[in-house]
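>>> I need the structure of the sequence given here:
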Amino acid sequence: MKELLHDELKFRLNGRLWLETDERFMGIGRLELLAHIQKVGSISKAAQAMNMSYKRAWDLVSSMNAQARTPLVLTQTGGKHGGGTEVTVAGQQMIQGVWGFAGALSVVYAR
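Residues are numbered from 1 along each chain as shown. A predicted model of the protein is given here:
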């Protein structure tokens, strides 16, 4: 493939990648949401960072958790020390796996 492209131009693989059943399970947007949740420990703050409503973010997390064998995100409601959200080991594996797959596609394309 690389021999077909002009040497002086920088090409990158672009497009949308998602894993789905009858409904969408994991795509770049959901992956970014997981990464934001992992970084800030909050669905609300992750939604704000992505200019997304809290309800939309919550619905996406709920959908991912329902379709995964084990939850990708765990939440804890308020209380004395406030609530919190964490990306589980399965969620971290999902982030790494999908980014790894996207990276592998880029390597194949660059050949």
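>>> for the rest of this, base every contact and every neighbour count on C-alpha atoms.
Noted.
>>> pretty sure residue 38 is touching residue 91, no?
No - Residue 38 is beyond contact range of residue 91, at 9.0 Å (criterion: Cα atoms under 8 Å).
>>> which of these two has more neighbours?
Between residue 38 and residue 91, residue 91 has the larger neighbour count (other Cα atoms under 10 Å), namely 23 against 19.
>>> number of residues surrounding the spatially closest residue to that one that is not a sequence neighbour?
For residue 91, ignoring the flanking residues on the chain, the nearest one in space by Cα to Cα, 6 or more residues apart in numbering is residue 72 at 4.0 Å. Residues contacting residue 72 under the criterion other Cα under 10 Å number 23.
>>> right, and residue 72 touches residue 87 too?
Yes - between residue 72 and residue 87 there is a contact under Cα under 8 Å: 5.8 Å.
>>> so how far is residue 89 from residue 54?
In this structure, residue 54 and residue 89 are 23 Å apart, going by Cα to Cα, to the nearest Å.
>>> and the residue nearest to residue 91, what does it touch?
61, 64, 65, 87, 88, 89, 90, 91, 92 (Cα atoms under 8 Å, 6 or more residues apart in numbering).
>>> farthest pair in the residues you listed?
For these, the maximum inter-member distance is 15.0 Å, found between 61 and 89 (Cα to Cα).
>>> low-confidence regions, the protein specifically.
1-6, 8, 10-21, 23-25, 79-81, 102-111 (pLDDT under 70).
>>> show me the helices in the protein, by range?
28-40, 43-49, 54-67, 89-110 (DSSP state H).
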